[in-house]
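> The following comprises the amino acid sequence and a computationally predicted model.
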Amino acid sequence: MNFSERPPSQQWAALTYKGAKFAEVWFKPEGEPLALTFRIPQGSFQIPGMGQLLTIENLLKAVGIAADEVESCRGESASQSGTNMPAPELRHPLSPPPEDVSHLTFHVRLKPLPQPAAPTEGGVPEIPEATWQFFESRWKAILGLEANVDNLRMSMEGLRSELDASARRALPPELKLNAVSADVVQWNKAKSRIHYALPKMREFIHRATWATGTPERKKLTELFETHIEPRIPFPQVEEVMVQLESLLKDRQTLSAQGVTVYQECKSISAEFQSTMRTLQSNAAANAARKKSARGSSGRSL
């Protein structure tokens, strides 16, 4: 849902991370159509690993808003106040409120969408420079996200081949004979996680492969090359604005999904390799003990 379509909040809406609430948001406070308010409980800053994630950019992402849509950001304390904050500041971890304050609260105002001009006599609108810049910024953001998605796809294809091979791997008879049963159990558990992860990788790779090949995406590419880049006015400006916003949100979602899946699968691969090394090491030690015991038994005879 576009921000402009959201109704004003009637109550605080919870933002969650791994099932736990860490912040709240209020859309369009006091009838402000381009504003929203966040508040973060004091306790969220005490959650291990959470402090670095508590940035204005991440909070905006949680409600589907890009950082470049922000016009100003103002906190309730002087240390958090400011206007026209540059993107790097939006990525900085927020400072917790004083100990005697229960929440950190700050207000974000968004940039208004550029309004297309009225049609000329020829029926094609004269498009203002601000609108051209809006188109270009959205398109560049989309291309950047698509490049990131493609890099993730290539990395994931290599990782998928590695996990496919691990999933088909069987223990050699000699290794299985000398392996510690607890190590075999852990190895099988790590292997089962691979079977769970592979479908996620295949789904992302499929989506990433075909992302730029849809008819809608091709039409936008053609529009950018024939009209937006050379600044040649065209009709349906509002429709194109909506299409670019929708495509940007889709690419943000796909990129975030790719990062999550890749990190999860990388962790699964590392776990499998670790359990395999442990199993091989303990099995080799067992085999050496058995050989030593047989040698001692032969000498005693």
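The structure has been received and is ready for your questions.

> now the helices: where do they sit in the stretch 51-200 of the chain?
56-62, 87-90, 129-168, 173-178, 181-210 (DSSP state H, counting those that start in this stretch).

> Export the first one to PDB, keeping only CA atoms.
Backbone C-alpha positions of helix 56-62 (Å, rounded to 0.1, in the frame of the first residue of the first chain) are rendered in PDB as follows:
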ATOM      1  CA  ILE A  56      15.700   5.500  11.000                       C
ATOM      2  CA  GLU A  57      16.400   3.900   7.600                       C
ATOM      3  CA  ASN A  58      15.600   0.400   9.000                       C
ATOM      4  CA  LEU A  59      12.400   1.600  10.700                       C
ATOM      5  CA  LEU A  60      11.300   3.300   7.500                       C
ATOM      6  CA  LYS A  61      12.000   0.000   5.600                       C
ATOM      7  CA  ALA A  62       9.800  -1.800   8.100                       C
END
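
> Buried ones in that helix, by neighbour count?
56-60 (16 or more other CB atoms under 10 Å). The C-beta positions use only the backbone N, C-alpha and C, and glycine is treated the same way.

> Among those residues, which one lies nearest to Leu159?
Distance to Leu159, by CB to CB, is smallest for Asn58 among the buried residues of helix 56-62, at 25.5 Å.

> re the thing from before, kindly reformat the buried residues of helix 56-62 as TSV and extend each row with distance to Phe106.
As requested, those are arranged in TSV below (distance: CB to CB, whole Å):
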residue	distance to Phe106
Ile56	7
Glu57	13
Asn58	13
Leu59	9
Leu60	11
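
> Mind telling me which of the helices of the stretch 51-200 of the chain the model trusts least?
Among the helices of the stretch 51-200 of the chain, helix 87-90 carries the lowest mean pLDDT, a mean of 64.

> quick one: the longest helix that the chain contains to helix 129-168, angle?
For the chain, the helix with the greatest residue count under DSSP state H is helix 237-300. With axes from the mean of the first three to the mean of the last three CA atoms, to 10 degrees applied, the angle from helix 237-300 to helix 129-168 works out at 20 degrees.

> wait, is Thr37 part of a strand?
Yes: with DSSP: H, G, I helix; E, B strand; the rest coil as the criterion, Thr37 is located in a strand.

> List the contacts of Ser155.
By CB atoms under 8 Å, 6 or more residues apart in numbering, Ser155 lies in contact with Tyr262.

> Quickly note the distance from it to Thr253.
Here Ser155 is placed at a distance of 19 Å from Thr253 (CB to CB, to the nearest Å).

> Same question for Pro230.
Applying CB to CB, the value for Pro230 to Thr253 is 31 Å.

> and those two? which has more neighbours close in?
Thr253 (14 against 8; other CB atoms under 10 Å).

> wait, isn't Ser255 in contact with Leu152?
Yes: with contacts counted by CB atoms under 8 Å, Ser255 reaches Leu152, the gap being 7.3 Å.
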